[in-house]
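Colleague: no FASTA, just this:
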């Protein structure tokens, strides 16, 4: 176990290093002039030169990258070009918002997707199976911004006009402002993200369950007189969850890097919002910070998924 963790951590560190080099190189490969953009169209060459010196953009590329890596190893990701705020401070303010969206939505889509997938698998070709399949395909096909705007139109606009101002138009309220305020600002983003993601888990769980329920050991368990409920949930579902866990780890880790569309629709200043702003402003330190946070989330998620494999399937050995 220890050797496995050490190997995976070292592999993850190598991946992060390669990603940081690619992002750094891509930033300078694309034609851009951050100093001119910050100074404005009427800026003099002297002003542009001073801005480049202040940001360190006049230094050789290898020197800029080496300085970034050295500072990053000490927990310093640099400063935002435009507001001179530490990148760690910007991400620390945005990350709780994204986590609020992702954690709540992931619980909903996992419960909804797995339960509907199991229900569909144990009654194949029934009316329930066909209904679940149609609903899954419908929500899978709906763009997240369409679903989000529809929910805002119905549950905010229409209800507010009718005199029931229950859901806000968007924005974020931290838990320090009260649990109710936080919850009602999160419920519509949760539903938007969960309904679309749950469709994937419904189809994935159904397909995996149908395959597992046809295995010989399931037939043996039924022949021994084990209750159908135990066969399905104790033997079938446990084995069928392996691909679900893989997908779940990837989805959650990816969304921690920013649920861009959902955050934009509901005016949530999370990591996704910050990443869009950083790309628009050519803000390299913030771009690198967001990419590294997302990459760390993916690396950690993959390690946790491998550990869960051993729990779900006793045949899996970590070595």
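Modeller: Nice, thanks for sending it over. Predicted, not measured: the structure shown is a model, and the values here were computed from it.

Colleague: can you give me the helices in the stretch 151-300 of the chain?
Modeller: With DSSP state H, counting those that start in this stretch applied, the stretch 151-300 of the chain shows helices at 159-161, 179-213, 216-223, 228-230, 237-256, 260-265, 271-281, 284-312, listed in chain order.

Colleague: what's the angle from the second one to helix 237-256?
Modeller: The one in question is helix 179-213. Note on geometry: by axes from the mean of the first three to the mean of the last three CA atoms, to 10 degrees, helix 179-213 and helix 237-256 are set 140 degrees apart in direction.

Colleague: and helix 179-213, what does it pack against?
Modeller: Contacting helix 179-213 under the criterion 3 or more CB pairs under 8 Å, 6 or more residues apart in numbering; DSSP states H and E are the following elements: helix 87-122, helix 127-141, helix 144-151, helix 237-256, helix 260-265. Glycine gets a C-beta too; all of them are placed from N, C-alpha and C.

Colleague: equivalent analysis for the fifth one, please.
Modeller: Counting contacts by 3+ CB pairs under 8 Å, 6+ apart, helix 237-256 packs against helix 87-122, helix 179-213, helix 284-312.

Colleague: now swap in the third one and tell me
Modeller: For helix 216-223, not one helix or strand is in contact under the criterion 3+ CB pairs under 8 Å, 6+ apart.

Colleague: quick check: buried residues in it?
Modeller: Residues of helix 216-223 classed as buried: 218, 221 (neighbour count, 16 or more other CB atoms under 10 Å).

Colleague: repeat that for the last one.
Modeller: Neighbour counts over helix 284-312 (16+ other CB under 10 Å) mark 284-303, 305-306, 308-309, 312 as buried.

Colleague: so how far is it off the chain centroid?
Modeller: Its chain's C-alpha centre and that of helix 284-312 lie 10 Å apart, by CA atoms, centre = their mean, to the nearest Å.

Colleague: could you give the angle of it to helix 237-256?
Modeller: Taking the same axes, to 10 degrees, helix 284-312 and helix 237-256 form an angle of 170 degrees between their directions.

Colleague: got the helices of the stretch 151-300 of the chain as CSV, with mean pLDDT and distance to residue 105 columns?
Modeller: As requested, the helices of the stretch 151-300 of the chain are exported to CSV (pLDDT from 0 to 100; distance: least, CB to CB, whole Å):
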stretch, mean pLDDT, distance to residue 105
helix 159-161, 89, 21
helix 179-213, 89, 4
helix 216-223, 82, 32
helix 228-230, 82, 29
helix 237-256, 83, 8
helix 260-265, 86, 8
helix 271-281, 84, 13
helix 284-312, 81, 15
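
Colleague: dump the ones you listed to TSV, plus distance to residue 125.
Modeller: Rendered in TSV, the data for the helices of the stretch 151-300 of the chain read as follows (distance: least, CB to CB, whole Å):
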stretch	distance to residue 125
helix 159-161	39
helix 179-213	11
helix 216-223	19
helix 228-230	18
helix 237-256	19
helix 260-265	35
helix 271-281	40
helix 284-312	28
